[in-house]
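Participant: prediction below, plus the sequence it came from.
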Amino acid sequence: MSTTSTDFITVPKGLAKVVVADTELGDVRGDEGFFHYRQYSAVELAAQVGFEQAWHLLERGHLPDDAELAAFTADVGRRRVLPPGLVDLLPAICATTTDSLQVLRTTLSAWGGIAGLRPLYDCDEDEKAATALAAVAVTPTILAAAHRLHHGLEPVPADPTLGHAEDYLRMVTGRLPSARDVRAVEQYLVATMDHGFNASTFTARVIASTGADLAACLVGAIGSFSGPKHGGAPSRALEALDEIGTLDRADGWVRDRIASGDRIMGFGHAVYRTRDPRSEMLKQIAGGWDDPLVDLAVGVEEAIERALAELKPGRELHANVEFYAGVVMKLAGLDPSMFTPTFCVARVVGWTSNVLEQSRDPKIIRPAARYVGPPPPQRVPTDVRAPQPA
């Protein structure tokens, strides 16, 4: 039986506020300025636990005890080491593009082949969980290696004895980071590893609903994430601070941007109608550095919010996570080209957790579109003919 337009449900553009699935992983309460991983505040987790603990919570459903944490950390540490076949491929992949996310996309696809990933449809829960751990583990190693190759440096092999955040910073910079740098980046990673049904997470779940392999789900998610309106904003927010330069230029800069219709990167959010709790947390972390960049960021934030309140009355537009993310990552020793890749190091935890959850639902995600073109059926013009073979 055909489906008619009267069977369709009209929803807001962008699927805003449309519930498409049930999840046990967490939620974002935009009106409250609050989000959580399972039953815990995500910001509170970022303040109190490490990356591996939060990762264990999302993927396995509970915070680990000491023995579980030690075993989990050792397991993912071993999985951070790239297989030889992938190590050999990386220089050739990096020679084709300077975009680290493009490198990750291609490399994870190749990793899926090298690792012999099977469709999720054919895997039991243990196999799916092991594959998810491996995918999260190799992501920072691939991104760090790509960064160094792009700068004419030799990649630094993973050290399974180190924690995830520490080893990532070491592989990127080539030196052991300070405890302050590690903890600052780790808190950022914990606070950004998941955030509701954002575009990349939804993309990953759509692909997972088809029963495809995990690498396919991640490649799709990264493609969505690479867009400037999603994962690409932290470096652009820092570029704005560099362009403003001094605090006395901030008011004029933002007014010029608003007058020309430009988007102010690092301000406003699709869900939050109050302050972004991640931004507030990162602002506090940035305050741990006695650096002119922090003073500039705080002053510019205040100037932009004043101008936005005056020029866009009635709208709650505050600094979002990207505004202070770039500040914290730069102060911790990361090059701006690594801001979005570092965001990806965190978010791959959320993607894989969502993929595992979606893979347990037998229903494929298959929405409809309303056709608005010329009315059919119309006769094909009689003078149109298929090309004849030579």
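Facilitator: Alright, I've got the coordinates.
Participant: so where do the helices sit in the stretch 201-350 of the chain?
Facilitator: 214-225, 233-244, 250-259, 277-286, 292-311, 321-331, 339-359 (DSSP state H, counting those that start in this stretch).
Participant: can I get those helices in CSV with mean neighbour count?
Facilitator: Every residue, glycine included, has its C-beta placed from N, CA and C. Listed next are the helices of the stretch 201-350 of the chain as CSV, based on neighbours: other CB atoms under 10 Å:
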stretch, mean neighbour count
helix 214-225, 24
helix 233-244, 20
helix 250-259, 16
helix 277-286, 22
helix 292-311, 17
helix 321-331, 26
helix 339-359, 26
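Participant: nearest to Arg38, out of those helices?
Facilitator: Checking the helices of the stretch 201-350 of the chain against Arg38 by CB to CB gives helix 339-359 as the closest, at 10.0 Å.
Participant: counting by contacts, list what that closest one packs against.
Facilitator: Packing partners of helix 339-359 (3 or more CB pairs under 8 Å, 6 or more residues apart in numbering; DSSP states H and E): helix 51-60, helix 100-114, helix 125-150, helix 179-192, helix 199-208, helix 214-225, helix 233-244, helix 321-331.
Participant: coming back round to it: output the helices of the stretch 201-350 of the chain as JSON lines; include the columns distance to Thr73.
Facilitator: Listed next are the helices of the stretch 201-350 of the chain as JSON lines, based on distance: least, CB to CB, whole Å:
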{"stretch": "helix 214-225", "distance to Thr73": "21"}
{"stretch": "helix 233-244", "distance to Thr73": "27"}
{"stretch": "helix 250-259", "distance to Thr73": "43"}
{"stretch": "helix 277-286", "distance to Thr73": "23"}
{"stretch": "helix 292-311", "distance to Thr73": "32"}
{"stretch": "helix 321-331", "distance to Thr73": "23"}
{"stretch": "helix 339-359", "distance to Thr73": "14"}
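Participant: between those, which has the poorest mean confidence score?
Facilitator: For the helices of the stretch 201-350 of the chain, the weakest mean pLDDT is recorded on helix 233-244, namely a mean of 77.
Participant: what helices and strands are in contact with that one?
Facilitator: In terms of contacts (3+ CB pairs under 8 Å, 6+ apart), helix 233-244 is packed against helix 250-259, helix 292-311, helix 321-331, helix 339-359.
Participant: so which of those gets nearest Asp66?
Facilitator: The nearest among the helices and strands packed on helix 233-244, by CB to CB, is helix 339-359 at 21.0 Å.
Participant: so the closest one versus helix 125-150, what angle?
Facilitator: On the basis of axes from the mean of the first three to the mean of the last three CA atoms, to 10 degrees, helix 339-359 is oriented at 170 degrees to helix 125-150.
Participant: helix 339-359: how far from the chain's middle?
Facilitator: Distance of helix 339-359 from the chain centroid (CA atoms, centre = their mean, to the nearest Å) equals 6 Å.
Participant: offset the numbering so it begins at 261, please.
Facilitator: Got it, first residue is 261 now, which makes that one helix 599-619.
Participant: got the CA positions of the lowest-mean-pLDDT helix or strand in the chain in PDB?
Facilitator: Here the helix or strand of the chain ranked lowest by mean pLDDT, DSSP states H and E is helix 493-504, holding a mean of 77. What follows is helix 493-504, C-alpha atoms only, in PDB (Å, rounded to 0.1, in the frame of the first residue of the first chain):
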ATOM      1  CA  ALA A 493      34.600  26.000  15.900                       C
ATOM      2  CA  PRO A 494      37.400  26.000  18.700                       C
ATOM      3  CA  SER A 495      40.200  27.200  16.400                       C
ATOM      4  CA  ARG A 496      37.900  29.800  14.800                       C
ATOM      5  CA  ALA A 497      37.000  31.200  18.200                       C
ATOM      6  CA  LEU A 498      40.700  31.600  19.000                       C
ATOM      7  CA  GLU A 499      41.200  33.200  15.600                       C
ATOM      8  CA  ALA A 500      38.700  35.800  16.700                       C
ATOM      9  CA  LEU A 501      40.700  36.600  19.800                       C
ATOM     10  CA  ASP A 502      43.800  36.900  17.700                       C
ATOM     11  CA  GLU A 503      42.000  39.300  15.300                       C
ATOM     12  CA  ILE A 504      40.700  41.400  18.100                       C
END
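Participant: what lies in contact with that helix?
Facilitator: For helix 493-504, contacts defined as CB atoms under 8 Å, 6 or more residues apart in numbering pick out 488, 510, 513, 524-526, 553, 556-557, 560, 580, 582-583, 585-587, 589-590, 596-597, 599-600, 603.
Participant: just stretch 292-310 next, same as before
Facilitator: Defining contact as CB under 8 Å, 6+ apart, one finds that stretch 292-310 is touched by 284-289, 313-314, 317-318, 321, 323, 423, 425, 446-448, 450-451, 453-456, 532, 534-538, 540-541.
Participant: dump the helices and strands packed on helix 493-504 into a markdown table; add distance to Asp359 as well.
Facilitator: Output for the helices and strands packed on helix 493-504, formatted as a markdown table (distance: least, CB to CB, whole Å):
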| stretch | distance to Asp359 |
| --- | --- |
| helix 510-519 | 26 |
| helix 552-571 | 25 |
| helix 581-591 | 18 |
| helix 599-619 | 9 |
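Participant: closest to Ala472 out of those?
Facilitator: For these, proximity to Ala472 was assessed by CB to CB; helix 599-619 is nearest, at 9.5 Å.
Participant: just the angle between the closest one and helix 474-485, please?
Facilitator: On the basis of the same axes, to 10 degrees, helix 599-619 is oriented at 130 degrees to helix 474-485.
Participant: could you check the angle helix 599-619 makes with helix 493-504?
Facilitator: With the same axes, to 10 degrees defining the directions, helix 599-619 sits at 160 degrees from helix 493-504.
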